[in-house]
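**Q** quick one: sequence plus predicted model below, questions after.
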Number of protein chains: 2
Amino acid sequence: MENKVKNYADEEHCPVRNVLDRFGDKWSMLVLMLLSDMDVLRFNEIHKYIGTISQKMLTVTLKKLEADGLVERKAYPEIPPRVEYSLTKRAKTLMPIIQDLAQWANKNMADIQDSRRSVV
Amino acid sequence: MENKVKNYADEEHCPVRNVLDRFGDKWSMLVLMLLSDMDVLRFNEIHKYIGTISQKMLTVTLKKLEADGLVERKAYPEIPPRVEYSLTKRAKTLMPIIQDLAQWANKNMADIQDSRRSVV
DNA sequence: CGGCATCCTTCGTGATACTG
DNA sequence: CAGTATCACGAAGGATGCCG
């Protein structure tokens, strides 16, 4: 019935790619972890926490995360404007996995850097 | 002692970025999952399984993974040449996390795509 | 067979200036 | 304050051809 050689490039077989396409970029993961720690933050607060991100990239990143239902955006119609960001429930189910990934990274980073040097 | 505002961009706080910088690219994850399924594969076998990857990118991806100690490369001095790739122990400790990520992706992908459409 | 070298295109990212 | 708009650049990725 089934072909022996499945196509590993399609999304059917590799949903991970679907996920990574969304927060595998330079900043998304960082924003998620930050919001996970701090619960609610305003635009400029995030900007200050992540010192090196540009305003543009923060905007783009937040928009993407909001579109994917991972971040909630709450704008208050005040002058000056105030906008608060927080994680959605969906994002919160993802965070434990991110934490596992972080732990693995912590444990293995040193060894990996050794690998790169020794050029086995 | 500590500054209230930590820098979330440094590796100390975000080892995930270190990991993602390594296999967060377009193909690494795919190669890891494929090798996890198939145990041992030759260069052209991987190439066929992942139909859409270019030869160049497969080479680059495998080299990166090898350098990080995630993939083992075994070359047989024959004519024509034969090279076999497999996961290292280190990579095998990572795979469960990847699997979790894959499961999460499977469960949530549909909802996420709905989110993108409804533009909440 | 399993690469490497080169060229070329596209995308992500950054810098800067402007706005409601 | 919280963005948007525009320009510019570098890196990632693809196409093609050559080699041991």
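**A** Now that the structure is in, tell me what you want to look at.
**Q** pull up the gap between the closest residue to residue A:24 other than its chain neighbours and DNA strand C, please.
**A** In space, and not counting its chain neighbours, residue A:24 is closest to residue B:24: 4.3 Å by C-beta to C-beta, 6 or more residues apart in numbering or on different chains. (Each C-beta comes from the backbone N, C-alpha and C, glycine too.) According to C-beta to the nearest atom of the strand, to the nearest Å, residue B:24 and DNA strand C sit 9 Å apart.
**Q** and for residue A:30?
**A** Residue A:30 is 11 Å from DNA strand C, by C-beta to the nearest atom of the strand.
**Q** ok but that residue is inside a strand, no?
**A** No. Assignment of residue A:30 by DSSP: H, G, I helix; E, B strand; the rest coil gives helix, placing it outside any strand.
**Q** re earlier: I'd say the residue nearest to residue A:24 and residue A:20 touch.
**A** Yes. Under the criterion of C-beta atoms under 8 Å, residue B:24 makes contact with residue A:20 at 6.0 Å.
**Q** state the mean pLDDT of stretch A:97-106.
**A** The predicted model gives stretch A:97-106 an average pLDDT of 90.
**Q** before we move on, what about stretch A:74-88?
**A** 96.
**Q** distance between the ends of that stretch?
**A** Criterion C-alpha to C-alpha, to the nearest Å; first-to-last residue distance in stretch A:74-88 is 12 Å.
**Q** can you get me a residue count around the residue lying closest to residue A:97 once chain neighbours are set aside?
**A** Leaving aside its chain neighbours, residue A:97 sits nearest to residue B:100 (4.9 Å; criterion: C-beta to C-beta, 6+ apart). Counted with other C-beta atoms under 10 Å in any protein chain shown, residues neighbouring residue B:100 total 16.
**Q** angle of the one helix or strand residue B:100 maps to against helix A:89-118?
**A** Taking DSSP states H and E as the criterion, the element that holds residue B:100 is helix B:89-118. Orientation check (axes from the mean of the first three to the mean of the last three C-alpha atoms, to 10 degrees): helix B:89-118 against helix A:89-118 gives 140 degrees.
**Q** list the buried residues for helix B:89-118?
**A** For helix B:89-118, the neighbour count (16 or more other C-beta atoms under 10 Å in any protein chain shown) marks B:90-91, B:94-95, B:97-98, B:100-102, B:104-105, B:108, B:112, B:115 as buried.
**Q** quick one: that helix to chain centroid distance?
**A** Distance of helix B:89-118 from the chain centroid (C-alpha atoms, centre = their mean, to the nearest Å) equals 13 Å.
**Q** between residue B:24 and residue A:20, which has more neighbouring residues?
**A** A direct count of neighbours by other C-beta under 10 Å for residue B:24 and residue A:20 places residue A:20 higher, at 23 against 17.
**Q** contacting residues around the more buried one?
**A** Contact analysis of residue A:20 by C-beta atoms under 8 Å, 6 or more residues apart in numbering or on different chains lists B:24, B:29.
**Q** now residue A:39
**A** Residues in contact with residue A:39 (C-beta under 8 Å, 6+ apart) are A:86, A:87.
**Q** what's the pLDDT at the residue nearest to residue A:24?
**A** For residue B:24, the model assigns a pLDDT of 86.
**Q** what's near enough to touch the residue nearest the centre of chain A?
**A** Centroid-nearest residue in chain A: residue A:29, 2.3 Å away (criterion: C-alpha atoms, centre = their mean). Contacts for residue A:29 were tallied using C-beta under 8 Å, 6+ apart; they are A:23, A:98, B:14, B:16, B:17, B:20.
**Q** farthest-apart pair in those residues, please.
**A** Spatially, the most separated pair among those is A:23 and B:14, at 12.8 Å (C-beta to C-beta).
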